[in-house]
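Peer 1: here's a sequence, model it:
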Amino acid sequence: MSTNAPVKLLAKNRKARFNYTIEESLECGIVLEGTEVKSFRSGNISFPDAFAEIRDGEVWLMGLHVTPYVYSSIFNHDPDRPKKLLLHREEIKRLVRKVDEKGFTLIPLEFYLKNGIIKVELGICRGKKVFDKRTDIRDRDVKRDLQREIRSRNNG
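Peer 2: Numbering: from 1, shown residues only. Sure thing, here's the model as predicted:
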């Protein structure tokens, strides 16, 4: 079996990269109920304000909305229920130390399929200040202007 598993991106949290400085990230499994898997695969998820919380030695994903699967019967899932993340005990201990001591927060960065299993990339993040966001916007604008200038010189 190859180490490079096929990965299909289901959803990406672009807002997180703007609002937070991502120190490191790790891959987690996620516990889902039956129809949630089908909703995930069809991309019917929303997580603008989602975050992870550590309770009783377990990591829970809060604020993730999984739209009920359209073609299911009465046995549909609760769209806003907290979802448990699957991590090793040592990883959870390390996360607890970082979150408690240094003021980091856990934010889901992206959801993807890996070998047919839904995974979440959890980022260990620190909130950006307003001036950091302004700097990012300014850098992005300068980069866009440079690209535009290069294109105009190459074309004409």
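Peer 1: what about I54, how many neighbours?
Peer 2: 17 (other Cβ atoms under 10 Å). (Each C-beta comes from the backbone N, C-alpha and C, glycine too.)
Peer 1: is it in a helix, a strand, or coil?
Peer 2: Following DSSP: H, G, I helix; E, B strand; the rest coil, we place I54 in the strand state.
Peer 1: so it sits against K93, correct?
Peer 2: No: using Cβ atoms under 8 Å, I54 makes no contact with K93, being 9.7 Å away.
Peer 1: show me what contacts the closest residue to K128 other than its chain neighbours?
Peer 2: With Cβ to Cβ, 6 or more residues apart in numbering as the criterion, K128 has its nearest non-adjacent residue at 5.7 Å, and that residue is T21. For T21, the contacting residues are C125, R126, G127, K128, D132, by Cβ atoms under 8 Å, 6 or more residues apart in numbering.
Peer 1: can you give me the helices in this protein?
Peer 2: 14-19, 34-41, 89-102, 130-155 (DSSP state H).
Peer 1: report pLDDT for A11.
Peer 2: Predicted confidence (pLDDT) for A11: 86.
Peer 1: swap that for A5, sorry
Peer 2: pLDDT, A5: 67.
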